[in-house]
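Visitor: what's the 3D shape of this:
(one chain, ligands or ions: 1)
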Amino acid sequence: MPQSKHTIRLAADLQSDSIVDGPGLRTVIWTQGCSHHCRGCQNPQTWDFEGGGEVPIDMVLEAIDELEYQDGITFSGGDPMFQPEACTEIAKYCKEKGYNIWVYTGYTYEELIKMSKEKPIYKKFLSYIDVLVDGKFVLKKKDLNTLFRGSTNQRLIDMPKTLSSDEIVLFDESEYLQEDKFKREKTYV
Ligand code: SF4
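Guide: Numbers count the residues shown, from 1 in each chain. Here you go, the predicted model:
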């Protein structure tokens, strides 16, 4: 039974069965609050740090316990990096349950590493992430053909490989597209 004393501010309820926020069937955690204010952002209602609703982390963990047939968890928003402590706690729980974790952020990986020098929690959060989709959405670089991101400046960073090699390693899109690694074998109804 999850037991956390902390809260997280969310923009919406957890959304299951997404197929556009990373590979496979995923549950999205929509965090509230973002100061990047990218032009053309699809979710400007998530910018307000007082918007959405504050919920106990336990409630989120209980919802995760009840998930079925999900391949992974995606943190989006808003920008999850504005609530690193809460997101780290949830990511750790998801990881322990075997979920693949993707995180969307308006910060670049390099900025996050710099920020982690003063706030190590960022590095801890990064350590639970499988793929970090980094950087602001840039309207001029919008491209509907890019995999799982909105503009070509954004990168799909393979976090385990990046953290272990100390240089940025990108998620292997070709391997994913060819092998469809996350394709489920059964069909659920
Ligand atoms: S980082 Fe994401 S949520 Fe924040 S303004 Fe940019 S696109 Fe919108």
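
Visitor: Now I19: closest residue in space, sequence neighbours ignored.
Guide: L25 (6.4 Å; C-beta to C-beta, 6 or more residues apart in numbering). Heads up, the C-betas are built off the backbone N, CA and C, glycines and all.

Visitor: so who does that neighbour touch?
Guide: Residues near L25 by C-beta atoms under 8 Å, 6 or more residues apart in numbering: S16, D17, S18, I19, Y69, Q70, D71, R184.

Visitor: Give me the secondary structure label for the closest residue to T7 other than its chain neighbours.
Guide: Spatial nearest neighbour of T7, chain neighbours left out: E54 (4.9 Å); criterion: C-beta to C-beta, 6+ apart. Classification of E54 by DSSP: H, G, I helix; E, B strand; the rest coil places it in strand.

Visitor: quick one: E54 and A11 touch, right?
Guide: No: counting by C-beta atoms under 8 Å, E54 stays clear of A11, with 11.4 Å between them.

Visitor: the more surrounded of these two?
Guide: Under the criterion of other C-beta atoms under 10 Å, the comparison of E54 against A11 puts A11 first, with 21 against 11.

Visitor: confidence score at that one?
Guide: Turning to A11, the model gives it a pLDDT of 98.

Visitor: Pretty sure it sits against N43.
Guide: Yes: using C-beta under 8 Å, A11 makes contact with N43 at a distance of 7.2 Å.

Visitor: overlap in contacts of the two?
Guide: By C-beta under 8 Å, 6+ apart, A11 and N43 have these common neighbours: W30, G77, G78.

Visitor: Next step: those residues restricted to strands.
Guide: Among the shared contacts of A11 and N43, the residues falling in strands (DSSP state E) are W30.

Visitor: so which of the shared contacts of A11 and N43 comes closest to D143?
Guide: D143 lies nearest to G77 out of these, by C-beta to C-beta, at 21.2 Å.

Visitor: before we move on, back to that, going by distance to E96, which of the shared contacts of A11 and N43 wins?
Guide: Closest approach to E96 among these (C-beta to C-beta): W30, at 22.0 Å.

Visitor: residues in contact with the closest one?
Guide: Counting by C-beta under 8 Å, 6+ apart, W30 touches L10, A11, A12, L14, Q15, N43, T46, G52, S76, G77, G78.
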